[in-house]
Structure formats: structure tokens, C-alpha cells
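> Structure of the sequence below:
(chains A and B)
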Amino acid sequence: MNPSVDALRATFGPAIGRALESCGDTIVYVGREALLDVMAWLRDTPQQTYDYLVDITAVEYRDRERPLEVVYNLRSLTRRADLRVKVELDPQGDLTVDSVVSLWQGADWLEREVYDMFGITFRGHPDLRRILMWETYAEGYPLRKDFPLRGRFSRAEQVRQALAAQPEAHYSLEELSIAEAYEELPADMKERLRHGERGRLPDSE
Amino acid sequence: MSKRTVEIELATPGADARGQPLRVPLGVAEPPDVAAEHMLINIGPQHPATHGVLRLVVELDGETVVRVIPHLGYLHSGFEKLGEYRHYNQIIPLTDRTDYLSPMANNVGFALAAERLMGIAITPRCTVLRVIACEMSRIISHMVWLGTTSIDLGAFTPFLWAFQERERIYNLQEMWTGARLTTSVTRVGGMMADVPDDFVAGLRHFTQTFPKTLSEIDRVLTRNGVWVGRTQGVGVLTAAEAINHSLSGPMLRASGVAYDVRKDKPYLDYETYDFDVVVGEHGDVYDRYLVRLEECSQSNRILQQALDRLPDGPVNIADPRVILPPKSRAMNDMEAMIYHFKQVMEGVKAPVGETYVGIENPKGELGTYLVSDGTAKPVRWRIRPPSFINLAALPKMAAGHLLSDLIAINASVDIVMGEVDR
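Purely as a prediction, here's the structure:
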């Protein structure tokens, strides 16, 4: 077991949940509220120095009773040590955790991907948009277990939406504002873009 | 803004009825206000310099890049979702198609993770063969990178030399696996096949002749004025920035961080091979080139050592629950037939647990994160895609450079969109 777990318990007390070992890797569960403090402490404390964020991902189990997990793989480049930190989220409840982009710039796209694939919101992320799917994608979050392998919409509906998409939909609101093209858009597109860009297409009923 | 008509006299004017020169109106134009306007241009998704279907929306002030906004997902295939519906051995063909410039190394990365999850120890011959697979992949991937990057920066000759060397490794891959691109060379607990008889001699011939091409490329590029001018001081990242952006592989080492998974978290007995970790100093495009070029020499050294030590013996472990029996036995022996049936129909079960295995791929650290609930199909198969994470640093590197430098910086990241989009 990684000695960082005991140091975490001594510092944060009840915010640290259970810890276990799997295939030689240490996994420690952290309460959602304490995540940002724990991560900053792990990065900046001289005995810990987990300065390298390897990966952020999420897991949903086939067992619907089990909570969703957001998984952070940390590494200390100087000490050559690894630690896996997990946060549990109730799938029926609020799927929000704090963003760690303020600690590691590398978390930017990784958190966007988790948001895109699982629908988990990262509070404080500077630019939380879909990244692999397009911004008006309306079928949900592909890596959730209730998402069917072939997608929610029929093939005919997918084709129809692809053909009906306007070229402006391929730009984010930020880009349209640079190009000063936003004012020239049709009213319904403006409305759609204003409301978070990822709402369903207006004629998808 | 007032509109005005521009009239100019043609150099060879005609004359009207009174002998006066004809004035030709050229149309309506607005006087341009170039100083205040930023331009927004699209590069890609269909553009050779984006190395695949990457789309960059670039905000330009004159020729200076103000902001780069990458758009991904044009090649998204949902591999991770597909993996949740497949047995462990059935996932291996999917790994070919992620980073398709180094398919063998991806196969090895997935097999190592699955074996760690199941607690399987592979045979000595298999270990060395996998090292050979990984280093062959590193050489072809770096050759593609060298060739395409030199084309991006205006040098055509190294492209031909590099692709010729890649072709020789492709021939060896074809000899071993029957496929040039989609190799699927590993299985959980072993390899798809042992190497054929003349493979070792062919690879040894390659390792003897490959350094000559490397030195030719080195002579043409390393002190070439155009090359140096286009790459030095461009896209600089300091060591602290590279770590903060979670970069890995040559991108991280070019910034001066001596981290190589092969040395620091060894797998496949890499600690017993004699090779150097190549580290840059300035973190610019030029140092990334130098690091990749020297890594090819180091891979060549590892290949020679691996060929020298390649032991005899079986390539697969002797566990009939994991390894398929030979076809002849499956057809003639009842017990072998039952094992064959159970493996094909039910797959190899992994115990409850999870593991993360990172290997040093040509592009950086390829991580495989597997979560099992005790069935034959993983609950979650996550690829830590090195070029996806390296590409995320592109907006930071490119800001403030010229548009032409953006092409060099984007090339230096060494992306492959199959892996970025997965």
C-alpha cells in the first residue's frame, strides 16, 4: 500500500474514504468536496510531489447500484511513485466535481472528454464543451451504460440531422464572435448557441 | 463606410470616338482597414499539413497567430465503447486501429494490461519478441514523422529515404503477421504466431543497414540552414510547462525531462537492455527532431541486443484456459476441443479488479486502464492516448508565432488522428 494514503488520512481525516490495492496499484477514495484541496496537497507537499497528472477518466459499472467513479491517475516524476485517486458520484444525483485545470493544464482536454462521454460536469473548467462529439450532438453521453452501442437515434434520423446541419454549427460561439459573424446568423441558431450550444436541434422532434 | 469606385487606366488603353483613352471601371471596393481586423481561417479537416482529419480554427493578426482552437472527433470510432462488448482477445484488433502508425506496440500495451489483470506471466521468448515488436514500431513511427514533417517544412528527399526504411520494416511485419498495417500480433498470454525462420536474419540485416540511412538524414537536415531556421526557437515549452501539460514521450524529453517509462517503470525486462534515454535541452521543434532521430538509433541498439538474446522455447504460456489449442488438436482431441469451444464462446475471464499499465509508445506514454467485474468482457477499457494529450498543448505553443510556424509546431507534436479521436 502506498504510504501517501496514511499521510492523506492524517491530514484530511474523514474526507478520505476507503483505500484498497488492485494488481499492485493503490486506489484511494476521496470525498467530492475535498477533491481540489487533496489534489493541491498531493501536488505541492514536499514528501508527496505528485507533480504529473497521467490521466483522468471515469467508470460506470454494469451493476446499476454502484456509483459512477471519476478516476485520477497521479504520478510523482521525482519519486517514481503512482497513486490513483477516485471520486464517487451518485448516478441519480448531481454529477459535478471540481475541475483540476487550475493545478494541471493537462486536465483541460481530459475533463472535456469525460464530460463529453459521461456527462460529468467539472466546476470551474474554463471551457467545458464537447470535444470528440460535435457540439450539437443530442443523443446523450456515449460511454454511459444506458447508451445503446449503435446510438439512440435511428440511422435515418442520424443521416437526416447530418444533412440538415448548418455550416455555422461547426463553429463554437467563441469562434463566431471572433469572426463577427454571430450577428448575421439566423435567429434560431443564435438562440441555440446562446443556450449552451448542446441543446437538441430545433427540428429534431 | 462610404463606397467608392476605383478607376484605373489600362496599360494598353483603347480610345473612344473622340480619341480619349478609355476608362474602365473595375468594380466596387471598400478601402481595407487591415490594422484592426483579425482574420479567422480554417486549416483542415482535409489538409495535408494537419496529418489527418484535424481541424484548426486559427485567429490571425496579419500573419501572426493570436489563438488556435483545435476541433477533434472527425475520426471518432467509439473504440472504448466497442471494447465493453468484446472479449479481451477480440479487443486486440481494435488496438491496431488507434495509433495505426505503430500497431504492434499498441497490441503489446493492451496484452500487458490484460495479463496483469489476470495475473499471467509470459514466457521468456515472448518477452523478447514483444520488445522487438515495440522497437520496430518505434522506428516506423518515427520514420513517418520524419518524412511527413520534412515535407511540411519543404524538404522532400528525407521523406523518400524514411518511407523506404519503413517499407523494409513493413515487409518484416508482413512476414511475421501476414498484415502490414493491422498486425494484431499479440494474444493474452502470448503471441498470435512465432516469428518465421528467416525473420531473424531479415531483421538483423535491417539493423545493420538502417544506421546508414539515419546518418544520411542527419547530414541532410541537422545542419541545414532552412531546417534550422524553421525549427529552432519555435514552439518552446519549458520543463515545468511540459510536466504541467502532462506531455509524454519525445515531447516531454525534448523539454529536458528525463522520463522514459522503459527506464522508470520497466516492463518486458527493459531494464536489462543497454540504451540511453534521449533528452533535449530547449524544448523547441528542433530538439524534438533531434530526440526522435536519436531514439531511432537507440531502438536499433535494442533490436540488436534483443536478436542476440532471443531464447528458444515456447512463445505461448502452457495454460489451455487462456491459449487456444492448435487446430489439429482441437479437431482430434476431445479435451482440446472443449477448451477451444469454451474460449471462443465464453472468452477468457478476468478476476474482479482493475489495472493501469503504461508503456513507452513512439508518441508517448500509451496507458491501458482496464476494469473487470469478473466476466470475460471489461467493464471499462480506457486508452490513455499520448498524442491526444500532447496535442492539447498546441494552442499554448503556437500563440504568437507566424502561421507558417504553426505548421511546424503541429508537425512536431507527432499526432495520429486515429488515436486522438479513437
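
> So which residues on the stretch 301-422 of chain B come close to chain A?
B:353-356, B:358, B:365, B:367, B:369, B:371, B:373, B:379-380, B:382, B:384, B:388-389, B:391-393, B:396, B:421-422 (CB under 8 Å from any CB of the partner chain). All C-beta atoms are positioned from the backbone trio N, CA, C, and that covers glycine.

> just checking, which of the residues you listed belong to strands?
Counting by DSSP state E, these place B:353-356, B:358, B:365, B:367, B:369, B:371, B:380, B:382, B:384 in strands.

> and the two most separated of the residues you listed?
Maximum pairwise distance among these (CB to CB): 21.6 Å, between B:Gly353 and B:Glu365.

> Which of the three states applies to the most centrally placed residue in chain A?
Geometric centre of chain A, nearest residue: A:Val114, 3.1 Å, by CA atoms, centre = their mean. State at A:Val114, reduced to three classes by DSSP: H, G, I helix; E, B strand; the rest coil: helix.

> Surely it touches A:Ile120?
Yes - shown here, A:Val114 and A:Ile120 form a contact pair, counting by CB atoms under 8 Å, at 5.4 Å.

> Quickly list what's touching both of those two.
Shared contacts of A:Val114 and A:Ile120 (CB atoms under 8 Å, 6 or more residues apart in numbering or on different chains): A:58, A:70.

> who's in contact with the residue of the stretch 201-350 of chain B found nearest chain A?
Closest residue of the stretch 201-350 of chain B to chain A, CB to the nearest CB: B:Ser246 (2.8 Å). If you count contacts by CB under 8 Å, 6+ apart, B:Ser246 has them with A:52-54, A:104-107, A:110, B:389, B:392.

> ok, so of those, who is nearest B:Leu146?
B:Ile389 (21.9 Å).

> SS state for the residue nearest to the closest one when sequence neighbours are not counted?
Using CB to CB, 6 or more residues apart in numbering or on different chains and skipping the chain neighbours, the partner closest in space to B:Ile389 is B:Ser246 (5.2 Å). The assignment at B:Ser246 comes out as coil when based on three-state DSSP.

> Quick check: the gap between B:Ser246 and A:Arg75.
As judged by CB to CB, to the nearest Å, B:Ser246 and A:Arg75 stand 10 Å apart.

> Need the residues touching each of the two.
With CB under 8 Å, 6+ apart as the test, B:Ser246 and A:Arg75 both reach A:52-54.

> If we go by neighbour counts, what in the lengthiest helix in chain B is buried?
Ranked by number of residues, the top helix in chain B under DSSP state H is helix B:124-152. Neighbour-count burial for helix B:124-152 flags B:125-152 (criterion: 16 or more other CB atoms under 10 Å in any protein chain shown).

> Repeat that for stretch B:372-388.
Buried-residue list, stretch B:372-388, by 16+ other CB under 10 Å: B:372-373, B:376-388.

> The shared contacts of B:Ser246 and A:Arg75: which ones sit near chain B?
Applying CB under 8 Å from any CB to these, those adjacent to chain B are A:52-54.

> Tell me the one of these nearest B:His87?
For these, the nearest to B:His87 is A:Val54 (26.9 Å; CB to CB).

> count of residues packed around that closest one?
Residues within reach of A:Val54, counting by other CB atoms under 10 Å in any protein chain shown, total 23.

> which ones are touching the residue of chain A found nearest chain B?
For chain A, the residue closest to chain B is A:Gly106, as judged by CB to the nearest CB, at 2.8 Å. The neighbours of A:Gly106, taking CB under 8 Å, 6+ apart as the test, are A:53, B:244-247, B:389, B:392-393.

> so where do the strands sit in the stretch 51-200 of chain B?
Along the stretch 51-200 of chain B, the segments classed as strands by DSSP state E, counting those that start in this stretch run B:55-61, B:64-71, B:186-187, B:190-191.

> I'd like to know which of these is closest to chain A.
Comparing those by CB to the nearest CB, strand B:55-61 comes nearest, at 5.2 Å.

> How far does the closest one sit from its chain's centre?
Computed by CA atoms, centre = their mean, to the nearest Å, the chain-centroid distance of strand B:55-61 equals 24 Å.

> pLDDT score assigned to the closest residue to A:Ile120 other than its chain neighbours?
Spatial nearest neighbour of A:Ile120, chain neighbours left out: A:Leu95 (4.7 Å); criterion: CB to CB, 6+ apart. Looking at A:Leu95, its pLDDT reads 90.

> shouldn't A:Leu95 be in contact with A:Phe122?
No - under the criterion of CB under 8 Å, A:Leu95 is not in contact with A:Phe122, lying 10.0 Å apart.

> neighbour-wise, which of those two wins?
Higher neighbour count among A:Leu95 and A:Phe122: A:Phe122, with 22 against 17, using other CB under 10 Å.

> Does the more buried one belong to a helix, a strand or coil?
Under three-state DSSP, A:Phe122 comes out as strand.

> list the contacts for it?
A:96-99, A:101, A:111, A:114-115, A:128.

> ok, now with 6 Å
Neighbouring residues of A:Phe122 by CB atoms under 6 Å, 6 or more residues apart in numbering or on different chains: A:99, A:111.

> Kindly report the same for B:Tyr270.
B:Arg262.
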